[in-house]
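Novice: compute the structure for the input listed below.
(4 chains)
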Amino acid sequence: MKLVYFAWVRERIGKETETVTPPGEVETVADLLAWLKARGDGYAVALEHAEVIRVAVDHEHVDHDAKLPADGEVALFPPMTGG
Amino acid sequence: MKLVYFAWVRERIGKETETVTPPGEVETVADLLAWLKARGDGYAVALEHAEVIRVAVDHEHVDHDAKLPADGEVALFPPMTGG
Amino acid sequence: MKNRCQPLVRVQAEDFDIAAEIDRLTAGRKDVGAVVTFTGRCRDEDGKLAALELEHYPGMAEAEIGRIASEAAERWPLTGLTVIHRFGKLLPAENIVLVVAASTHRKAALEAADFLMDYLKSRAPFWKKEHPAGGDTGHWVEAKAADEEALGRWRK
Amino acid sequence: MKNRCQPLVRVQAEDFDIAAEIDRLTAGRKDVGAVVTFTGRCRDEDGKLAALELEHYPGMAEAEIGRIASEAAERWPLTGLTVIHRFGKLLPAENIVLVVAASTHRKAALEAADFLMDYLKSRAPFWKKEHPAGGDTGHWVEAKAADEEALGRWRK
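Specialist: Predicted structure coming up:
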């Protein structure tokens, strides 16, 4: 699974993208966020308030209770401030 | 008192402007419309439905119960269709 | 509102230049976060309309648009406001009216433009005569009850 | 709506030309009665801001704006719709975003532009970093609850 990060999520985790293979019990977006948070300091800071993190799967917004795709690109980012 | 007419009010009355001196009992805009209506065929047609006629005194919209000015420019026209 | 902008109002036969009017309100300004333009244009009504003739009340047209624009400048914190209304004979695809509203934040500019258009429709002394394709005699456009009702949204 | 227009969406670093974008939706067209443009610009916040950096999610930015624009084209009878969003470093007085909505009647164009801006603010994957005057380190702009709440107006 390819992960991509934007804005302060990217800065706190310290990388733009990475490929991960979460264990089988990581089924939903919320599971993924919890699993990533335990991976180290940068992740812990970036995902401290996991509920505000927005997630897109293959370029589409998804809720935290959405099932993760078997494969594809999962993006994590702060609330958007465009326009 | 100078009267000016626009759009179909102007076309039906058959003139753009005229100066009139209504009798003393013509005190309000409604009085003026009633008095004009009796002046001839064009006026009768133009002012048949006097309630829809819009009136401005010296370039400002006024209601039909407004007092007429001693002097000045009184304009009669249909509901506006600008914009 | 103390720092309300001074609206620019023009009533003219000639066309206007939208880009130039935006520039007038924004050039060199670092406090303008949002610019809204509304352009009203002459339609041909599926080929049924050959031209539109816009009669206006000179003097009152400028004064009334000025009053409407000043009210908008009092109600919304605008950094600039321009209203241009044309008169005379206009062909399909020609511009009729332009509103440019500039402000720090987006809602003020959008609402002010919306308000201006509602009031121009029902309060500015202009009357449209439609000249049908085929040369038949023109007829005056009737005011729509919906246009008058639209003003109700803005009454405080 | 069967005859819905095909929106044009662009995500780019370079500036846009508002007049050219209006022309694209109106040139030679006799069925367009109203054109609304909304331009979002970079403000200097009374001199406190030196620049704005706009990060975006390439690919998703175009896709998400396309979805928002398509929804607008379904909800309102537009004759044309263009959305351009810039990214990269922008200075005060520079343009950030442009929406051009064209329609037969005025309300559709105004409401569609309003809808587009509300959704772009809260759904398009762009993030603003403010670089303060004086060279201090930049900070990410926080999303406003009011922007999220603004979407409620459009829920059917």
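
Novice: so which bits of chain C are right by chain A?
Specialist: Contacts of chain C with chain A, taken as Cβ under 8 Å from any Cβ of the partner chain, map to C:Arg106. In short, each C-beta sits where N, CA and C put it, glycine included.

Novice: quick check: the residue of chain C nearest chain B.
Specialist: C:Phe126 (2.9 Å; Cβ to the nearest Cβ).

Novice: list the beta-bridge partners for that residue.
Specialist: C:Phe126 forms beta bridges with C:His56, as assigned by DSSP bridges.

Novice: quick one: the strands in chain C?
Specialist: C:8-12, C:34-41, C:49-56, C:78-86, C:88-90, C:95-103, C:126-132, C:139-140 (DSSP state E).

Novice: rewinding a little: so how far is chain A from the residue of chain C closest to chain B?
Specialist: Here C:Phe126 is placed at a distance of 35 Å from chain A (Cβ to the nearest Cβ, to the nearest Å).

Novice: which residues touch that residue?
Specialist: B:Met80, B:Thr81, B:Gly82, B:Gly83, C:Leu54, C:Glu55, C:His56, C:Tyr57, C:Ala61, C:His85, C:Phe87, C:Leu120 (Cβ atoms under 8 Å, 6 or more residues apart in numbering or on different chains).

Novice: ok, the fourth one - how many residues close by?
Specialist: B:Gly83 has 23 neighbours, counted by other Cβ atoms under 10 Å in any protein chain shown.

Novice: surely it touches C:Phe115?
Specialist: No: assessed by Cβ atoms under 8 Å, B:Gly83 is found out of contact with C:Phe115, at 11.8 Å.

Novice: any idea which of the strands of chain C gets closest to D:Ala143?
Specialist: strand C:34-41 (17.9 Å; Cβ to Cβ).

Novice: quick check: neighbours of the closest one in the sheet, parallel or antiparallel?
Specialist: By DSSP bridges, strand C:34-41 pairs with strand C:95-103 (antiparallel), strand D:34-41 (antiparallel).

Novice: low pLDDT regions in chain C?
Specialist: C:1-2 (pLDDT under 70).

Novice: what residues does it have near chain B?
Specialist: C:40, C:54-57, C:59-60, C:63-64, C:85, C:96-97, C:117, C:120-129, C:140-143, C:148.

Novice: ok, longest helix in chain C?
Specialist: helix C:106-123 (DSSP state H).

Novice: surely C:Cys5 is in contact with C:Gly80?
Specialist: Yes: with contact defined as Cβ under 8 Å, C:Cys5 reaches C:Gly80; the gap is 5.3 Å.

Novice: the residue in chain A positioned nearest to chain C: what's it in contact with?
Specialist: Chain C sits closest to A:Gly83 of chain A, with a gap of 7.7 Å, by Cβ to the nearest Cβ. Applying Cβ under 8 Å, 6+ apart to A:Gly83 gives the contacts C:Arg106, D:Gly40, D:His85, D:Ile96, D:Val97, D:Met117, D:Leu120, D:Lys121, D:Ser122, D:Ala124, D:Phe126.
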